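Q: below is the structure, and that's it, no one-letter string:
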């Protein structure tokens, strides 16, 4: 089965192409082709073939659609090409950030599903609209090829009402204002991957998964199900992030509004784009730059790092309390996979849980690996984020299911 995955974001477009045989492998497949566009003043495109061929391009484009069409064109043309014709693609999977209260699992794309994704764009305007545009581009290029929507919120639909309902007027909940949670595709993948790495039954494990990238969230996973998470109604709640504040006292916002300092869209922009590591440090939202300037003696970079770690430790503690214990702590995504400094600082205050970090393994590790000491009561795993592969597996599963119906 030839599967194309589109991961459409507000500032980037990622795509992967897989060829899956009759049965799913135990370990993730390496995509035969990967493409990425970063949306800046110009579209910066990078394409990789499994053979090691890399192509980069930087061009000014008229529209997102034009750039995506160009990106997908490299699937069939040039040194990075993986197939002769786009018509060979059997199914296309899309990461959809917000599935609302309705979708608890991946679904085949229909007009009804598209309409619901469009309605939910009010909750996640930058993401859902980009994802709908990706679906339209695929329909234009590939006609009636099956398309499948895989929702970031679906995995967290199992969290109990005590965790999902905000303590405001109950009518909010009746209006679908509730905690949805995000990064669910990767949290779910990491839970299953952790069980395989530990040679344990997933249903026997209590896990805290830490998705630490530009966006950050935790999930408390018991018996393979999400029972709590840090993001909520939007991806703004919870941990301190690259440019997002995470949870703050809402009274700060009402105070600033009363003082006439911020209104409406300004608040949204400040909390999402001018806060977090960037807002505190005044330097960058990139953890690599924070660490580099911190080591040069920059006090606000050090403060940003300390706040980030403090909030992360506190939230891990909360997740462990909800679980009633922990078997493994999982680090994943850009910061989680690549920053030994963050992992070490976070684990330092968690020794009371019986957690012992192997400092040499932490410094030398490449995912997927256990970096805990042999006698640690809690395993510490670093797992590579594999959202595209998780989406491809869902496509394979639904297509096989439809073949047998």
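A: Done, it's in. On a predicted model such as this, the values are computed, not experimentally measured, just so you know.
Q: shaky segments in the stretch 1-150 of the chain?
A: 9-11, 40-41, 61-62 (pLDDT under 70).
Q: where do the helices sit along it?
A: 64-73, 111-119, 125-142 (DSSP state H, counting those that start in this stretch).
Q: now those helices in CSV, please, with extra columns for distance to residue 30 and mean neighbour count.
A: All C-beta spots, glycine's among them, are computed from the backbone N, C-alpha and C. CSV is the format used below for the helices of the stretch 1-150 of the chain (distance: least, C-beta to C-beta, whole Å; neighbours: other C-beta atoms under 10 Å):
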stretch, distance to residue 30, mean neighbour count
helix 64-73, 19, 18
helix 111-119, 30, 15
helix 125-142, 23, 18
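Q: save the ones you listed as TSV, and put in distance to residue 333 too.
A: Formatted as TSV, the helices of the stretch 1-150 of the chain follow (distance: least, C-beta to C-beta, whole Å):
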stretch	distance to residue 333
helix 64-73	23
helix 111-119	24
helix 125-142	17
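Q: all strands of this protein, in order?
A: Ranges of strands in the chain, per DSSP state E, are 2-8, 12-19, 33-39, 43-49, 54-59, 91-96, 107-108, 147-151, 206-212, 216-222, 225-229, 328-332, 369-370, 379-382.
Q: make JSON lines out of those strands and add mean neighbour count and distance to residue 174.
A: Output for those, formatted as JSON lines (neighbours: other C-beta atoms under 10 Å; distance: least, C-beta to C-beta, whole Å):
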{"stretch": "strand 2-8", "mean neighbour count": "25", "distance to residue 174": "31"}
{"stretch": "strand 12-19", "mean neighbour count": "21", "distance to residue 174": "36"}
{"stretch": "strand 33-39", "mean neighbour count": "20", "distance to residue 174": "37"}
{"stretch": "strand 43-49", "mean neighbour count": "20", "distance to residue 174": "43"}
{"stretch": "strand 54-59", "mean neighbour count": "12", "distance to residue 174": "48"}
{"stretch": "strand 91-96", "mean neighbour count": "26", "distance to residue 174": "24"}
{"stretch": "strand 107-108", "mean neighbour count": "18", "distance to residue 174": "24"}
{"stretch": "strand 147-151", "mean neighbour count": "25", "distance to residue 174": "22"}
{"stretch": "strand 206-212", "mean neighbour count": "26", "distance to residue 174": "30"}
{"stretch": "strand 216-222", "mean neighbour count": "27", "distance to residue 174": "26"}
{"stretch": "strand 225-229", "mean neighbour count": "23", "distance to residue 174": "22"}
{"stretch": "strand 328-332", "mean neighbour count": "27", "distance to residue 174": "35"}
{"stretch": "strand 369-370", "mean neighbour count": "17", "distance to residue 174": "45"}
{"stretch": "strand 379-382", "mean neighbour count": "23", "distance to residue 174": "40"}
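Q: between those strands, which one is closest to residue 128.
A: Smallest distance to residue 128 across the strands of the chain (C-beta to C-beta): 6.7 Å, for strand 91-96.
Q: backbone dihedrals for the residue of the chain most remote from its centre, please?
A: Counting by C-alpha atoms, centre = their mean, the extreme residue of the chain relative to its mean C-alpha position is residue 259, 36.1 Å from that point. Its backbone dihedrals place residue 259 at phi -80, psi -10, with angles given as degrees, to the nearest 10.
Q: same question, residue 169
A: Phi and psi for residue 169, reported as degrees, to the nearest 10, are phi -60, psi 140.
Q: burial of it, as a residue count?
A: 10 (other C-beta atoms under 10 Å).
Q: any idea how far it is from residue 315?
A: Per C-beta to C-beta, to the nearest Å, residue 169 is found 26 Å from residue 315.
Q: equivalent analysis for residue 215, please.
A: Distance from residue 215 to residue 315, by C-beta to C-beta: 14 Å.
Q: hang on, the earlier thing: quick one: the strands of the chain as TSV, columns for distance to residue 190 too.
A: Below are these laid out as TSV (distance: least, C-beta to C-beta, whole Å):
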stretch	distance to residue 190
strand 2-8	17
strand 12-19	18
strand 33-39	20
strand 43-49	23
strand 54-59	27
strand 91-96	16
strand 107-108	23
strand 147-151	15
strand 206-212	5
strand 216-222	8
strand 225-229	11
strand 328-332	5
strand 369-370	13
strand 379-382	8
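Q: ok, which of those strands comes nearest residue 177?
A: strand 225-229 (16.3 Å).
Q: what strands line up against that closest one, and which way round?
A: Strands that pair with strand 225-229, judged by DSSP bridges, come out as strand 216-222 (antiparallel).
Q: off-centre distance for the partner strand?
A: 12 Å (C-alpha atoms, centre = their mean, to the nearest Å).
Q: what's the angle between it and strand 328-332?
A: Interaxial angle of strand 216-222 relative to strand 328-332 (axes from the mean of the first three to the mean of the last three C-alpha atoms, to 10 degrees): 150 degrees.
Q: where do the helices sit along the stretch 301-405 of the chain?
A: So, for the stretch 301-405 of the chain - with DSSP H, counting those that start in this stretch - the helices run 333-338, 340-348, 359-364, 387-404.
Q: go through these and pick out the most buried.
A: helix 333-338 (a mean of 22; mean count of other C-beta atoms under 10 Å).
Q: nothing else from me, thank you.
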